[in-house]
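K.L.:
Structure, please.
(one chain, ligands or ions: 1)
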Amino acid sequence: MIRLDAVSKHFAPRGSEAAVTALKDVSLAIPRGEIYGIIGPSGAGKSTLIRTVNGLERPSSGVVRVDGVVISGLDEAALRAERRKIGMIFQHFNLLSSRTAFANVALPLELAGLSRQAVRAKVMGLLDLVGLADKAERYPVELSGGQKQRVGIARALATDPKVLLSDEATSALDPETTRSILALLAQVNRDLGVTIMLITHEMAVIREVCHRVGVIEDGAIIEEGTVRDVFARPRTATARSFIGSLPGREPPPAIAARLTPSPEGARQTVLRLTLSGAAAGAPVISALARRLDIDVALLGGQVDSVGGEPFALLYLGVPTANWASGAVTSVLGEWDIRTEVIGHVA
Ligand SMILES: Nc1ncnc2c1ncn2[C@@H]1O[C@H](COP(=O)(O)OP(=O)(O)OP(=O)(O)O)[C@@H](O)[C@H]1O
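P.N.:
Predicted structure coming up:
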């Protein structure tokens, strides 16, 4: 549905400023029906990347296609027509303050020349879909952030787009509202079959709603995969640090304060186990205890869903001697589990 081939974007120098390369040779393919997330630090090129998809930004080189149409090659008139198939939502909602919720959603339909009756039916259907049928006559100033974004989503869907682009759509919202907006995006994807490309700087957004993720840094995609694989086995320091910043990923503070890097003289070795997919239910604690006849301490953990699959992160304490002999690794090796040594406790 969306395909970028070797897309680069350079911004010409302005005044005394140096030229900027915002995108470097980016290639990616997003199949129909997928929710694809792009995550990266500030200035990495996320906005520039998503703006090439609806033609708001023209690549310096490379080709952008949406549903087979070469977006990067269209003139302005053709681009305007093509943009009706590509909805977009924004961090700050971009609603017209002088128009009610109804009139904001109606705008793209009025521009498309629909009759008043057709506009009314379509807009009420969309406001119903986003849960705002009773707020049709409210102005943006009378709506909460989450409600404003719901109006933004309804407006983006007005022209029945095949693709929805989301530019940090939940960054201005609190965690609970964020979850409800992401649930709405998942529903739009599932029920209407809309392909979604979203950009974010929050790994929690990727975990909640995306099927696949691309990590962008300095204008280049440095890592890509299913959300589950990237969470279970991040390959780059950037992906690791985004995942590490999620709540619950750090060892419990009481343990962290006592950790030493050397196993010398230690009694207990602290392991962080990442269990995903089928391995998430692996009976690791009982297997270690029974087979090695050792005490295993559960020091912390989190069981979640990542990319729609179970995902567990466990902090275990095992006797250092058993760890050093390789016995623990050999039991854990029976499952597809990522095991890291966090440190040792005397
Ligand atoms: N119109 C422009 N003219 C000149 N430079 C630009 C322009 N737009 C973006 N840039 C530069 O391109 C780089 C990438 O910017 P972009 O906005 O795509 O990053 P981002 O990952 O979306 O950042 P953020 O998360 O902070 O919004 C930055 O160095 C930025 O300063």
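
K.L.:
what does the protein have sitting close to the ligand?
P.N.:
Taking CB under 6 Å from any ligand atom as the contact definition, the chain meets the ligand at Phe11, Val20, Ala22, Gly40, Ser42, Gly43, Ala44, Gly45, Lys46, Ser47, Thr48, His201. C-betas here are computed from N, CA, C, even on glycine.

K.L.:
Neighbours of the first one, how many?
P.N.:
For Phe11, the neighbour count with other CB atoms under 10 Å is 14.

K.L.:
Looks like it contacts Ala19 (just checking).
P.N.:
Yes - counting by CB atoms under 8 Å, Phe11 does reach Ala19; the two are 6.5 Å apart.

K.L.:
Output stretch 299-315 as PDB - backbone C-alpha positions only.
P.N.:
The C-alpha coordinates for stretch 299-315 follow below in PDB (Å, rounded to 0.1, in the frame of the first residue of the first chain):
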ATOM      1  CA  LEU A 299      12.500 -10.200  42.000                       C
ATOM      2  CA  GLY A 300      10.300  -8.300  39.600                       C
ATOM      3  CA  GLY A 301       8.500  -8.600  36.300                       C
ATOM      4  CA  GLN A 302       5.800  -7.500  33.900                       C
ATOM      5  CA  VAL A 303       3.500  -9.500  31.700                       C
ATOM      6  CA  ASP A 304       2.100  -7.600  28.800                       C
ATOM      7  CA  SER A 305       0.900  -7.900  25.300                       C
ATOM      8  CA  VAL A 306       3.200  -6.700  22.500                       C
ATOM      9  CA  GLY A 307       2.100  -6.600  18.900                       C
ATOM     10  CA  GLY A 308      -1.000  -8.600  20.100                       C
ATOM     11  CA  GLU A 309       1.100 -11.400  21.600                       C
ATOM     12  CA  PRO A 310       1.900 -12.200  25.200                       C
ATOM     13  CA  PHE A 311       5.200 -10.800  26.300                       C
ATOM     14  CA  ALA A 312       6.900 -11.200  29.700                       C
ATOM     15  CA  LEU A 313       9.900  -9.600  31.300                       C
ATOM     16  CA  LEU A 314      11.100 -11.300  34.500                       C
ATOM     17  CA  TYR A 315      13.800 -10.500  36.900                       C
END
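
K.L.:
Name the residues that touch that stretch?
P.N.:
207, 210-211, 226-228, 231-232, 248-249, 251-252, 255, 270-277, 280-281, 284, 298, 316-317, 342 (CB atoms under 8 Å, 6 or more residues apart in numbering).

K.L.:
Among those, which lie within helices?
P.N.:
Using DSSP state H, the members of those that fall in helices are Arg207, Val227, Arg228, Phe231, Ala232, Ile255, Val284.

K.L.:
Closest to Glu57 out of these?
P.N.:
Proximity of those to Glu57 (CB to CB) peaks at Val227, which lies at 26.3 Å.

K.L.:
now the spatially most central residue of the chain: how far from Ala266?
P.N.:
For the chain, the residue nearest the mean C-alpha position is Ile206 (2.3 Å; CA atoms, centre = their mean). Relative to Ala266, Ile206 is positioned 36 Å away (CB to CB, to the nearest Å).

K.L.:
likewise Val105?
P.N.:
62 Å.

K.L.:
Ok, Ile35 next?
P.N.:
44 Å.

K.L.:
With neighbour numbers in mind, choose between those two.
P.N.:
Neighbour tally, Ile35 and Ala266, criterion other CB under 10 Å: the higher count belongs to Ile35, 27 against 20.

K.L.:
Cross-check the contact I'm expecting between the more buried one and Val188.
P.N.:
No - contact criterion CB under 8 Å: Ile35 and Val188 do not qualify, at 9.6 Å.

K.L.:
just so I have it, where are all the helices in the stretch 51-200 of the chain?
P.N.:
Assigned by DSSP state H, counting those that start in this stretch, the stretch 51-200 of the chain shows helices spanning 76-83, 101-111, 116-129, 145-157, 175-192.

K.L.:
Please point out which parts of the third one sit buried.
P.N.:
Buried residues in helix 116-129, counted by 16 or more other CB atoms under 10 Å: Val119, Lys122, Val123, Leu126, Leu127, Leu129.

K.L.:
As a markdown table, those with distance to Gly146 and pLDDT would be great.
P.N.:
As requested, the buried residues of helix 116-129 are arranged in a markdown table below (distance: CB to CB, whole Å; pLDDT from 0 to 100):
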| residue | distance to Gly146 | pLDDT |
| --- | --- | --- |
| Val119 | 25 | 97 |
| Lys122 | 23 | 96 |
| Val123 | 19 | 97 |
| Leu126 | 16 | 97 |
| Leu127 | 14 | 97 |
| Leu129 | 15 | 96 |
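
K.L.:
ends of stretch 9-20, how far apart?
P.N.:
End-to-end distance for stretch 9-20: 8 Å, by CA to CA, to the nearest Å.
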